[in-house]
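A.B. asks: Any chance you could fold what I've pasted below:
(2 chains)
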Amino acid sequence: MGSAIEAKTHKNMPGADKEADLTERIEAFLADLKRGGCGTGPIRGSGETARETTALLRKVTAQARWSSAGDLMEIIRKEGRRMTAAQPSETTVGNMVLRVLKIIREEYARSRGSSEETDQQESLHKLLTSGGLSEENFRQHFVHLKANVIEAINELLTELEGTTDNIAMQALEHIHSNEVIMTVGRSRTVEAFLKDAARKRKFHVIVAECAPFCQGHEMATNLSKASIETTVIADAAIFAVMSRVNKVIIGTQTVLANGGLRAVNGTHTVALAARHHSTPLIVCAPMFKLSPQFPNEEDTFHKFVSPHEVLPFTEGEILSKVNVHCPVFDYVPPELITLFISNIGGNAPSYIYRLMSELYHPEDHDL
Amino acid sequence: MDKDELVEYFRTQVRQDPEVPSAVAAIRTLLEFLKRDQTGETILGLRENLTQTIRRLEEADSSVAVSSGGELFLRFISLTSLEHPDLSQCKKVMVERGELFLKKISLSRSKVAKLCHTFIKDGAKILTHSSSRVVLKVLESAAADKKRFTVYVTESQPDSAGRQMADKLQNLNIPVTVVLDAAVGYIMEKVDLVIVGAEGVVESGGIINKIGTYQLAVCSKAHNKPFYVVAESFKFVRLYPLNQQDVPERFKYKADTLKAVEDLAEEHPMIDYTPPSLITLIFTDLGVLTPSAVSDELIKLYL
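C.D. replies: Purely as a prediction, here's the structure:
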């Protein structure tokens, strides 16, 4: 790898330098993704992953050689496939690739001056009125397309940077004084949400520790530093305590296309307990966590990590006789969720399909 | 074109190709009428003739699908006539687009099958109701994908359509068992998922299908099993029934029964309505939809 870079730099200095730099950054990113698969969560939060992915895609757009939108989309798709293959459970990477592809389509349509920007989805209306089986092949070349796409990606990056703040801004509407809020594990979004509400209201938070990684402990420490009254409970006590809880506010790793969640292990328990006591379940999830996947593929859905956390290897005698699993994620069906709070506002789970159609293009769903 | 000729044309279509969906046969008949019609001089006149033809077709085959196909075609005429006010040019464009539309929707069943078969996991036990060609196509694709699964089919009285479905599945080498309609509750604990077709998908996201589907849906909800519906997009119909009684009588019974019998209260209905709260996902050629997304599609088209 090193010698290849040196050979390139001898031939053509500035261009090859940038290219090598880009390849290096992508390789570093992929390595990071592959490593960040342990149960304690990725090394960076999903917000950072999203920003890094978008920044990389912007670089690719700026530096790669392409003459038409179709070429660019192919390049982005190729990079996207590599990135999602590195860590399939980190869906934000794939989501950002799809957002960028949609941006390219929109800018292309705008350059062509066609008013069918909004009509890109398959619909009965389109079936009836379209004049021919004209397949959009994105072959036309436009001079300003590159600049427009990069500008749009910059807008996307600005949006990404502001997501946690946008969600936290809505906290005062949902949290009232003297309420008891329950949360599970550690979510940076929920942490910001609760901290923002704590500036003006006094309330009590119960954190389920979320074994075996016990991220709830870290969450509780951070919340108590912000002078919020916090209690940590074991996962087994969730149902027992639920009758005293006013609201459950949780984060998630991914929001699936049917409105369900792929969240940290233990969330389904909390959701069922909340349903039993008719306690509202609020999910704080920024838009970049929305994924067009449906909960059907068993193999890509579940992720297992070393069972060392559950049953340490020192228990050698038992190990040969039992099967030990340590799953990382849980599926929560959409019926158990009351409200999604995202950076664009609050939505019901039944509305997710609409948000999905606005963010991504259906043809891109399988990269 | 004479009304009886049209009905004959429709019946011939269905007879020649038993795989063709009845809505498609209806639309093909209406397109044929459009091509042969010489009497219409205004678009309004054309619409009136078409409305009468559709009514005549509905008398021949009272299923929801024919009605939805007819409404879709009328909408198609309205949309096209808005763009081309001149009748003769309008007709030419209509015939062209109509052929194109027919070509596209003949592919819809395969599109649905492609979407749905990934939801069938290896070793799954599937329960289905009566005989649906779309469900058959889905199971065919899953089998072609080298997945192993077993199917339970309800017998679906009064016409025992379930047995035909079982025969077709056996020809595809899929292990199948026929169960009594009354045995749905009994068998539900064994199955992993339920897939049914639909004769019509209503605006609320619910479906109209062979009698017994509602029962199946209630049972699967009680056992927490996913209930999937597979339907092509031309089956979307502008009805909004709130309960079983709201479904119009002209759909509930076969066309011959409607004409022959005086007191319909004595007859057994052939279809029932399943509300959207019992349905998990609807697979259409427009994509995988949650029941709440159906009304969006209909609004985009009709309003």
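A.B. asks: Every contact and neighbour count from this point should use C-alpha atoms.
C.D. replies: Fine.
A.B. asks: what about stretch A:165-181, how long is it end to end?
C.D. replies: One end of stretch A:165-181 to the other measures 20 Å (C-alpha to C-alpha, to the nearest Å).
A.B. asks: Which residues of the stretch 1-150 of chain B lie near chain A?
C.D. replies: Counting by C-alpha under 8 Å from any C-alpha of the partner chain, the residues of the stretch 1-150 of chain B close to chain A are B:F76, B:L79, B:T80, B:R97, B:L100, B:F101, B:K104, B:T118, B:F119, B:K121.
A.B. asks: Please spell out the ChimeraX selection for the buried subset of those residues.
C.D. replies: A single ChimeraX command selects the buried members of these (16 or more other C-alpha atoms under 10 Å in any protein chain shown):
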select /B:76,79,80,97,100,101,118,119,121
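A.B. asks: Grab the two from the residues of the stretch 1-150 of chain B next to chain A that are most spread out in space.
C.D. replies: Using C-alpha to C-alpha, the residues of the stretch 1-150 of chain B next to chain A span at most 43.6 Å, a distance reached by B:T80 and B:K121.
A.B. asks: who's in contact with the residue in the stretch 151-300 of chain A that chain B sits nearest to?
C.D. replies: For the stretch 151-300 of chain A and chain B, the shortest gap (C-alpha to the nearest C-alpha) falls at A:N296, measuring 5.3 Å. Going by C-alpha atoms under 8 Å, 6 or more residues apart in numbering or on different chains, A:N296 touches B:T118, B:F119.
A.B. asks: Could you check the pLDDT of it?
C.D. replies: If you check A:N296, the pLDDT there is 71.
A.B. asks: helix, strand or coil for it?
C.D. replies: Secondary structure, DSSP: H, G, I helix; E, B strand; the rest coil: A:N296 is coil.
A.B. asks: any idea how far the residue lying closest to B:A124 once chain neighbours are set aside lies from chain A?
C.D. replies: Spatial nearest neighbour of B:A124, excluding adjacent residues (C-alpha to C-alpha, 6 or more residues apart in numbering or on different chains): B:F149 at 4.9 Å. Separation of B:F149 from chain A (C-alpha to the nearest C-alpha, to the nearest Å): 16 Å.
A.B. asks: Quick one: the strands in the chain, in order.
C.D. replies: In the absence of a named chain, this looks at chain A. A:180-184, A:204-208, A:229-233, A:247-250, A:254-255, A:261-264, A:281-284, A:329-332, A:339-342, A:345-347 (DSSP state E).
A.B. asks: that's the wrong chain, I meant chain B
C.D. replies: Along chain B, counting by DSSP E, strands occupy B:124-128, B:149-154, B:176-179, B:193-196, B:200-201, B:207-210, B:227-230, B:271-274, B:281-284, B:287-289.
A.B. asks: chain center to the fifth one: distance?
C.D. replies: Going back to what we said before, that points to strand B:200-201. When distances are taken as C-alpha atoms, centre = their mean, to the nearest Å, strand B:200-201 is centred 6 Å away from the chain's centroid.
A.B. asks: hang on, the earlier thing: would you mind finding the most buried of the strands of chain A?
C.D. replies: strand A:254-255 (a mean of 30; mean count of other C-alpha atoms under 10 Å in any protein chain shown).
A.B. asks: tell me what that strand is packed against?
C.D. replies: Judged by 3 or more C-alpha pairs under 8 Å, 6 or more residues apart in numbering or on different chains; DSSP states H and E, strand A:254-255 is in contact with strand A:261-264.
A.B. asks: what's the average pLDDT for the strand it packs on?
C.D. replies: Mean per-residue pLDDT for strand A:261-264: 92.
A.B. asks: Could you report the separation of B:T257 from chain A?
C.D. replies: Here B:T257 is placed at a distance of 33 Å from chain A (C-alpha to the nearest C-alpha).
A.B. asks: Just the mean pLDDT for stretch A:184-204, thanks.
C.D. replies: 93.
A.B. asks: lowest-confidence helix or strand of chain B?
C.D. replies: The helix or strand of chain B with the poorest confidence is helix B:255-260; it has a mean of 79 (mean pLDDT, DSSP states H and E).
A.B. asks: list the buried ones in that helix?
C.D. replies: Of all the residues in helix B:255-260, those buried under the rule 16+ other C-alpha under 10 Å are B:A255, B:L258.
A.B. asks: Work out the gap between that helix and the centre of the chain.
C.D. replies: When C-alpha coordinates are averaged (C-alpha atoms, centre = their mean), helix B:255-260 and its chain have centres 21 Å apart.
A.B. asks: who touches that helix?
C.D. replies: B:E58, B:E59, B:A60, B:D61, B:S62, B:R250, B:L264.
A.B. asks: Now render those residues as CSV, adding neighbour count and pLDDT.
C.D. replies: What follows is the contacts of helix B:255-260, written out as CSV (neighbours: other C-alpha atoms under 10 Å in any protein chain shown; pLDDT from 0 to 100):
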residue, neighbour count, pLDDT
B:E58, 21, 84
B:E59, 17, 82
B:A60, 18, 81
B:D61, 21, 79
B:S62, 22, 76
B:R250, 15, 83
B:L264, 14, 77
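A.B. asks: Nearest spatial neighbour of the most centrally placed residue in chain B, chain-adjacent residues omitted?
C.D. replies: Centroid check for chain B by C-alpha atoms, centre = their mean gives B:E199 as the closest residue, at 3.1 Å. Closest residue to B:E199 apart from its sequence neighbours, by C-alpha to C-alpha, 6+ apart: B:N209 at 5.1 Å.
A.B. asks: can you check B:I279 too?
C.D. replies: Per C-alpha to C-alpha, 6+ apart, closest to B:I279 is B:F227, 5.4 Å.
A.B. asks: contacting residues around the one you found?
C.D. replies: Applying C-alpha under 8 Å, 6+ apart to B:F227 gives the contacts B:L193, B:V194, B:I195, B:V196, B:A217, B:S220, B:K221, B:L278, B:I279, B:T280, B:L281.
A.B. asks: right, and the fifth one touches B:T280 too?
C.D. replies: No - counting by C-alpha atoms under 8 Å, no contact exists between B:A217 and B:T280, whose distance comes to 9.9 Å.
A.B. asks: and those two? which has more neighbours close in?
C.D. replies: The neighbour comparison of B:A217 against B:T280 (other C-alpha atoms under 10 Å in any protein chain shown) goes to B:A217, with 24 against 19.
A.B. asks: gap between the more buried one and B:L127?
C.D. replies: Separation of B:A217 from B:L127 (C-alpha to C-alpha): 11 Å.
A.B. asks: Tell me how many other residues crowd residue 17.
C.D. replies: Just going to use chain A. Using other C-alpha under 10 Å, A:D17 has 16 other residues around it.
A.B. asks: that's the wrong chain, I wanted chain B
C.D. replies: Around B:D17 there are 10 residues (other C-alpha under 10 Å).
A.B. asks: Cool, thanks, signing off.
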